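Trainee: what's the 3D shape of this:
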Amino acid sequence: MGKTTGRDWMQIYSIYGTDEWQTVAFLVCNALSFAVISLLLLLYFSPFLSFVHSVLPGLPLHFIRFAAGFSGSVLALSALCLLFAAANVFYSSLPLRWDMAQRIVAAVPDWSAVRTALDVGCGRGILLNAVALQLKKEGSSGRVVGLDGRRETAVAALRRASAEGVQEYVTCREGDARRLPFPDGYFDVVVSAVHLSSLGRNPGDSPAAAAAERVRGLGELVRVLKPGGVGVVWDLVCGPDFAHKLKDMRMEEVRVSERVTAYMVGSHIVSFRKPITALMDPSPPPDWRANIC
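Mentor: A predicted model of the protein is given here:
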């Protein structure tokens, strides 16, 4: 984890931080606990055997020796696996997210014509600001809107846009991905990173209901996209399913990237283009500045 697409990951961390510290800390603490127990078992192996044999004299000593050695090996291996998982979660939440944001931006063939873009589930603003940086690079007068389900998250993303020097290209607001508060066919580009698969995770929801919520969110992305516009979604586990649904919706140029391991599971980037079936009269542009969080 040295350079990340031309930037040092520590520089990226200073701006965006990570939202997975609790998970990383939990994994590391358990790994250290297992490592300490296995180390103590190794250092005091003979006294431990004597103690167990005195408590359970009916058990053969060779059986106790095998059980203690096997337990110590499992604990040590578990510690290594948990440390690897912690490293993967941290890597996925920061350097990999930045790299995937660059890949999502690169999946849009022509940014020079983009005037309106939307990031659904903007979170900390990594993808949001990658889009804004691309608009700035193109010298565009366009604007990217970041939408998140929590107002405080949207406000924080807007502050990070200022830290990246792209505040004039960014607007953030609160909203639900299943009911996007935007008119039909407004955006030239719609992107989303690791958000749609989180829909429908309410307690008690059946798998079918959760899948329906995800499809509803995907349908909203298609709805607000202009005919001829490009959508790019990076998602965990559900990427191939989204590709099938997009084909059912008769989207064009549906492409699925190779598998990328993120958060210990497989993920894919799915890109598509909305067909130009009929030219739509452009809706009057909403006053995004009035909605800045």
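Trainee: could you report the neighbour count for Cys172?
Mentor: Counted with other CB atoms under 10 Å, residues neighbouring Cys172 total 28. In short, each C-beta sits where N, CA and C put it, glycine included.
Trainee: mind starting the numbering at 134 from now?
Mentor: With 134 as the first residue, the last one maps to Cys305.
Trainee: give the contact list for it.
Mentor: 255, 258, 261, 278-281, 287-288, 290-291, 294, 425-426 (CB atoms under 8 Å, 6 or more residues apart in numbering).
Trainee: avg pLDDT for the host helix or strand of it?
Mentor: If you go by DSSP states H and E, Cys305 is part of strand 303-307. Regarding strand 303-307, the rounded mean pLDDT is 92.
Trainee: ok, now stretch 183-202?
Mentor: Stretch 183-202 comes out at a mean pLDDT of 86.
Trainee: give me the buried positions along that stretch.
Mentor: Val185, His186, Ile197, Arg198, Ala201 (16 or more other CB atoms under 10 Å).
Trainee: let's have those residues in TSV, adding secondary structure and distance to Gly318.
Mentor: Shown next, in TSV, are the buried residues of stretch 183-202 (DSSP: H, G, I helix; E, B strand; the rest coil; distance: CB to CB, whole Å):
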residue	secondary structure	distance to Gly318
Val185	helix	72
His186	helix	77
Ile197	helix	72
Arg198	helix	72
Ala201	helix	68
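Trainee: now, which of these sits nearest Leu173?
Mentor: For Leu173, the nearest member of these is Ala201. The distance, counting by CB to CB, is 11.5 Å.
Trainee: surely that closest one touches Leu175?
Mentor: No: the pair Ala201 and Leu175 does not pass the contact test of CB atoms under 8 Å, sitting 9.8 Å apart.
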